[in-house]
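# with the sequence up front, the predicted model follows.
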Amino acid sequence: WELFSDALGTAFETELRKALTEQVATEFEDFYPGLGRWFYVKTYPIESGLAIYFQDVTHRRIAEAKLAQVNQELSAVLESTTDAFISIDHEGKLTYVNRNFETRTGLTRRQLLGESPWDVFPDLQHTDFFEAVNLAKETHQAQEVEYFCPYTQTWFFAHIYATPGGLSVYLQDVTARRKVEVERQRQTELTELLLRLTVQVRESLEVEKILQTTVDEVRQFLAVDRVIIYQFAPDWSGKVVVESVHHPEYALLNQVIYDPCFGASQVGPYRLGRISQVDNIYQSEMNPCYIEFLAQFQVQANLVVPIINQDQLLGLLVAQHCQSPRAWVTDEVGLLQQLAAQVGIAVNRAKLVTALKEQEARYRAIVEDQTELIYRCTPDGLLTFANAAFCRYLHSTEAGEAKGEQCYFNQPIRHPLNEVELARFEHQLRALTPVSPVGTIECYVELPNGDQAWYEWTMRALYDSEQNLREYQCLGREITRRKKMEFQL
């Protein structure tokens, strides 16, 4: 100790004296200030004293110190990052989790370290994340995967790297981006739905099919239990005329429903576009009688939009959720408003079409009862309309008693006129103009018995607003008796 006085009070003195006093072997590592080096020391008691083995481990200790510093700096980075981070060893156990991972999962390092992540989070097994981790482990190649974590209700983008000790996994929260993508997709689908249904309303006359398609697609888009179209009666009771339901137990089709809370006083606001939007009927400010009314139909969330056309309240387009309360968002309300407007147009068109068909039926009945010959044709002579009298006329030159009465529409008209009379008839048609659209001509038909049947034809050319010829309308009246009298005179 006189030679190495600078070792006094260090591990060198403590361990060597212990070996001498207790006659036991010892080993230790310590820094010797006199040489500025780290030594690994082993001591063995012998009869004459101690045998001491020294190994200079300075380089190793310096490398370990640098590695510890790097690990400390890396740990500081991992603890401060906004990403979650975990390390998994070759046995599949968690060896490190950062503070962000603890915060997101609500679990501590003590609960996590040494455990398999699949034991702690069993629902992640057989997910894309699980498969990517196993693939990185087997191939020792980096993997990337995006997945939804049900425990944190978060979307993560995982970067998985193979390391000498196992796997390092960085978990980047991409929930905000996913929400933006989902909302963008939702807006695209909403626009496409509205455009598709609008085109159908504008182009189709199959109103019942249009309305059924509307409620089906709206229910599917909103993911609700029931969408109905409710049509008012004169006493403001009503009937569910169209519906789409998630389950048969929610069906109300063709039910006549009387709402005791809806009366004439409610008509005005709805006619002006009032919208009823209730996320939870039991936490709303609605009249108790209306809550009771909706509850009998299992309704928990209710969205009602009026169907209006030409200031007339035709009915209601209603979306309802029955399994639970539901928040209605702005674009959903806007969708129902726009579709209700299209439904109003479709219903009004249906009424107009019905009225037009009834008017056409009355016109045809009148025309069919006429003894005059009436027909219409295109400018190139294709038959578009004819009454029964004209159809009989077309077959007037046929021999026998059973003469046909068949007319072939969209086929060329074949008047039973001889070549000269037909040329006169066609010349008179071609002579009609927008200035002089009406003309008259007398023609005869040679009958099978050798007699002649005379007809007076009044022709009218029909033009559109741009003076383009659209059709000819011809009315023929038999004048055989008059012509015979004229010939006798």
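Alright, I've got the coordinates.

# what about the helices in the protein?
Using DSSP state H, the helices found in the chain span residues 11-22, 58-80, 99-105, 109-112, 117-120, 128-139, 175-203, 207-222, 264-271, 288-295, 330-368, 388-394, 419-430, 480-488.

# rebuild the ones you listed as a markdown table, extending it with mean pLDDT, distance to residue 149 and mean neighbour count.
(Each C-beta comes from the backbone N, C-alpha and C, glycine too.) As requested, these are exported to a markdown table (pLDDT from 0 to 100; distance: least, C-beta to C-beta, whole Å; neighbours: other C-beta atoms under 10 Å):
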| stretch | mean pLDDT | distance to residue 149 | mean neighbour count |
| --- | --- | --- | --- |
| helix 11-22 | 86 | 50 | 15 |
| helix 58-80 | 75 | 19 | 11 |
| helix 99-105 | 90 | 8 | 16 |
| helix 109-112 | 92 | 15 | 14 |
| helix 117-120 | 94 | 11 | 15 |
| helix 128-139 | 94 | 8 | 16 |
| helix 175-203 | 86 | 10 | 13 |
| helix 207-222 | 89 | 27 | 18 |
| helix 264-271 | 77 | 46 | 13 |
| helix 288-295 | 89 | 37 | 14 |
| helix 330-368 | 77 | 28 | 15 |
| helix 388-394 | 88 | 77 | 19 |
| helix 419-430 | 94 | 81 | 13 |
| helix 480-488 | 89 | 95 | 11 |
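
# got the ones you listed as JSON lines, with distance to residue 459 columns?
Output for these, formatted as JSON lines (distance: least, C-beta to C-beta, whole Å):
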{"stretch": "helix 11-22", "distance to residue 459": "129"}
{"stretch": "helix 58-80", "distance to residue 459": "95"}
{"stretch": "helix 99-105", "distance to residue 459": "87"}
{"stretch": "helix 109-112", "distance to residue 459": "96"}
{"stretch": "helix 117-120", "distance to residue 459": "90"}
{"stretch": "helix 128-139", "distance to residue 459": "78"}
{"stretch": "helix 175-203", "distance to residue 459": "35"}
{"stretch": "helix 207-222", "distance to residue 459": "38"}
{"stretch": "helix 264-271", "distance to residue 459": "50"}
{"stretch": "helix 288-295", "distance to residue 459": "65"}
{"stretch": "helix 330-368", "distance to residue 459": "17"}
{"stretch": "helix 388-394", "distance to residue 459": "14"}
{"stretch": "helix 419-430", "distance to residue 459": "6"}
{"stretch": "helix 480-488", "distance to residue 459": "19"}
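
# which one of those lies closest to residue 378?
Closest to residue 378 of the helices of the chain is helix 419-430 (C-beta to C-beta; 11.7 Å).

# if we can go back for a sec, and residue 50, which of the helices of the chain is closest to it?
helix 11-22 (5.7 Å).

# for that closest one, C-alpha coordinates in CSV please.
Provided in CSV are the C-alpha atoms of helix 11-22 (Å, rounded to 0.1, in the frame of the first residue of the first chain):
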residue,chain,number,x,y,z
ALA,A,11,-12.4,-1.4,-4.2
PHE,A,12,-8.8,-2.5,-4.7
GLU,A,13,-8.1,-2.2,-1.0
THR,A,14,-11.5,-3.5,0.1
GLU,A,15,-11.5,-6.6,-2.0
LEU,A,16,-7.8,-7.5,-1.4
ARG,A,17,-8.1,-7.2,2.4
LYS,A,18,-11.2,-9.3,2.3
ALA,A,19,-9.4,-12.0,0.3
LEU,A,20,-6.5,-12.0,2.8
THR,A,21,-8.7,-11.9,5.9
GLU,A,22,-11.3,-14.4,4.9
